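Chemist: Give the three-dimensional model of this entry:
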Amino acid sequence: MKAIYLILMVLLGFISCEMKINQVPEPTNLISKEKMALILEEIMVIENHIQNRFPHISQFQESVKSSGDLILKKHDVSFKQFEKSLEYYGARQDEMKEIYNISLESMNKKLLKLQAE
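Modeler: Numbering: from 1, shown residues only. As a prediction, the model looks like this:
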């Protein structure tokens, strides 16, 4: 009997978590998927560059933060807007996967162009 009760509690916990994730409301100033993909691409590129230059997290953490702030400013996006949009898309895994695929395709095209030169 205790095992059945435990299994029911775990299942209810999973269902509850799933319901809460899907309840993330769409922010009023949601960043479009295309713009989000571009921002994430630029952040990943700069973060990779900084990590290669400074191998210890204590050395590159501030550089990544200030570079991220510059990228958001370049795209006329506030950190709060970016954070809310990322939370919204993160709660919708199919959409987040689509955003990452857009970024990956763009980076692959740029890489092919560089290799051709």
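
Chemist: And Asn29, what's its pLDDT?
Modeler: In this model, Asn29 is scored at 94, pLDDT.

Chemist: residue contacts, it?
Modeler: Applying Cβ atoms under 8 Å, 6 or more residues apart in numbering, we find Asn29 in contact with Gln81, Lys84. Where you see a C-beta, it was placed from the backbone N, CA and C, and this is true even at glycine.

Chemist: show me where the protein has strands.
Modeler: Applying DSSP state E to the chain gives no strands.

Chemist: Longest helix in it, please.
Modeler: In the chain, assigned by DSSP state H, the helix with the most residues is helix 93-116.

Chemist: and that one, C-alpha only, in CSV?
Modeler: In CSV, the C-alpha atoms belonging to helix 93-116 read as follows (Å, rounded to 0.1, in the frame of the first residue of the first chain):
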residue,chain,number,x,y,z
GLN,A,93,10.9,23.0,-25.4
ASP,A,94,9.8,22.7,-29.1
GLU,A,95,10.1,26.4,-29.6
MET,A,96,13.4,26.6,-27.7
LYS,A,97,14.7,23.8,-29.9
GLU,A,98,13.6,25.7,-33.0
ILE,A,99,15.5,28.8,-31.8
TYR,A,100,18.7,26.8,-31.2
ASN,A,101,18.3,25.2,-34.6
ILE,A,102,18.0,28.7,-36.2
SER,A,103,21.2,29.7,-34.4
LEU,A,104,23.0,26.5,-35.4
GLU,A,105,22.1,26.9,-39.0
SER,A,106,23.3,30.5,-39.1
MET,A,107,26.6,29.5,-37.4
ASN,A,108,27.1,26.6,-39.9
LYS,A,109,26.5,29.0,-42.8
LYS,A,110,29.1,31.4,-41.5
LEU,A,111,31.6,28.6,-40.9
LEU,A,112,31.2,27.3,-44.4
LYS,A,113,31.7,30.9,-45.8
LEU,A,114,34.9,31.3,-43.7
GLN,A,115,36.2,27.9,-44.9
ALA,A,116,35.5,28.8,-48.5
